[in-house]
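Q: Quick one: sequence and predicted model below, then my questions.
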Amino acid sequence: KGILLYTKGKLEEAIALWKINKDYNNNSIAKAYIEDSKNDFNRYLLCKEAESLINNLYIDEALENLLECSKSDFNLIEVNNLLALAYMKKGEYDNSIICLKKVLMVDKKNTIAKERLAEINELLDINKKGKLLIIGLSLIVILSLSVAYKLEIININLKGNKIEEIITFKTQDENNKTDEDNNKIEDNNLE
């Protein structure tokens with residue numbers, strides 16, 4: 001139970017349980033936990049400072065604090081939720097997902113982690129759809145230009161390595177003149 005309290009950031013309660021275990025059972029593991037937890041008070045302060053830094057958009061500084069906090073399992077849930085948020089703000093969704101999965105391994109019902117994971121999935125889906133839309137539009141433009149060139153609606157003149165005339169559109173008169181010329185040729189062939 002002390003470890004669960006410890007990972008949830010309830011350091012004083014965890015230490016109280018370990019002290020009881022140490023005093024009544026002469027448990028050496030509880031003694032070690034108490035000894036190791038001395039550094040965790042500083043980590044707690046770093047975590048709170050990181051939260052403030054994220055809110056003020058000092059993301060890199062917040063990440064430094066949180067990475068120091070993550071060297072211990074103390075406050076694992078809050079630290080990893082904050083790490084995930086910081087990575088999200090930097091657009092590093094893979095790192096954010098890793099942190100959120102750590103939270104959900106400890107607390108499967110953690111609403112913050114679930115909401116952030118859903119938000120990331122939505123963002124990644126939107127990015128994927130946006131990329132597909134751009135690719136689709138690019139293909140449509142290329143195909144349209146190709147068809148227009150084949151039908152001689154546009155003309156692209158290249159001269160050596162230089163583009164002499166990028167694109168010229170035939171006017172309606174030119175298209176009619178071409179049709180008239182073709183009709184004259186057909187009439188001449190019939191005679």
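A: Received the coordinates, thanks. Residues are numbered from 1 along each chain as shown.
Q: which stretches of the protein aren't confidently modelled?
A: Along the chain, the model assigns pLDDT under 70 to residues 126-130, 149, 152, 154-191.
Q: Pull out the buried residues from the longest helix along it.
A: As assigned by DSSP state H, the longest helix anywhere in the chain is helix 111-150. For helix 111-150, the neighbour count (16 or more other CB atoms under 10 Å) marks Ile112, Ala113, Arg116, Leu117, Ile120, Ala148 as buried. The C-beta positions use only the backbone N, C-alpha and C, and glycine is treated the same way.
Q: Give me the three-state assignment for Lys71.
A: Secondary structure of Lys71, reduced to three states by DSSP: H, G, I helix; E, B strand; the rest coil: coil.
Q: check contacts around Ala14.
A: Gly2, Ile3, Leu5, Tyr6, Tyr33, Ser37 (CB atoms under 8 Å, 6 or more residues apart in numbering).
Q: what's the neighbour count on the first one?
A: If I follow you right, that is Gly2. 21 (other CB atoms under 10 Å).
Q: quick one: it and Trp18 touch, right?
A: Yes: taking CB atoms under 8 Å as the contact criterion, Gly2 and Trp18 are neighbours in contact, 5.0 Å apart.
Q: Could you name every residue contacting both of these two?
A: Joint contacts of Gly2 and Trp18 (CB under 8 Å, 6+ apart) are Ala30, Tyr33.
Q: Distance of Val14 relative to Lys1?
A: Let me fix one detail, which is that residue 14 is Ala and not Val. 8 Å (CB to CB, to the nearest Å).
Q: can you check Glu64 too?
A: Counting by CB to CB, the gap from Glu64 to Lys1 is 32 Å.
Q: So which of those two has more stuff around it?
A: Counting neighbours by other CB under 10 Å for Glu64 and for Lys1 shows that Glu64 has the greater number, 14 against 10.
Q: how close does the more buried one get to Lys89?
A: 14 Å.
Q: same check, this time on Asn55
A: Going from Asn55 to Lys89 by CB to CB gives 10 Å.
Q: go on, Gly136?
A: 30 Å.
Q: Same question for Asn65.
A: 14 Å.
Q: Could you check which of the two is surrounded by more residues?
A: The neighbour comparison of Asn65 against Lys89 (other CB under 10 Å) goes to Asn65, with 25 against 14.
Q: Secondary structure element holding Val103?
A: helix 93-106 (DSSP states H and E).
Q: Give the buried residues for that helix.
A: Judged by neighbour count using 16+ other CB under 10 Å, the buried positions of helix 93-106 are Tyr93, Asn95, Ser96, Ile97, Cys99, Leu100, Lys102, Val103, Leu104.
Q: Dump those to a markdown table, plus distance to Asn42.
A: Below are the buried residues of helix 93-106 laid out as a markdown table (distance: CB to CB, whole Å):
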| residue | distance to Asn42 |
| --- | --- |
| Tyr93 | 30 |
| Asn95 | 24 |
| Ser96 | 25 |
| Ile97 | 28 |
| Cys99 | 21 |
| Leu100 | 25 |
| Lys102 | 21 |
| Val103 | 22 |
| Leu104 | 27 |
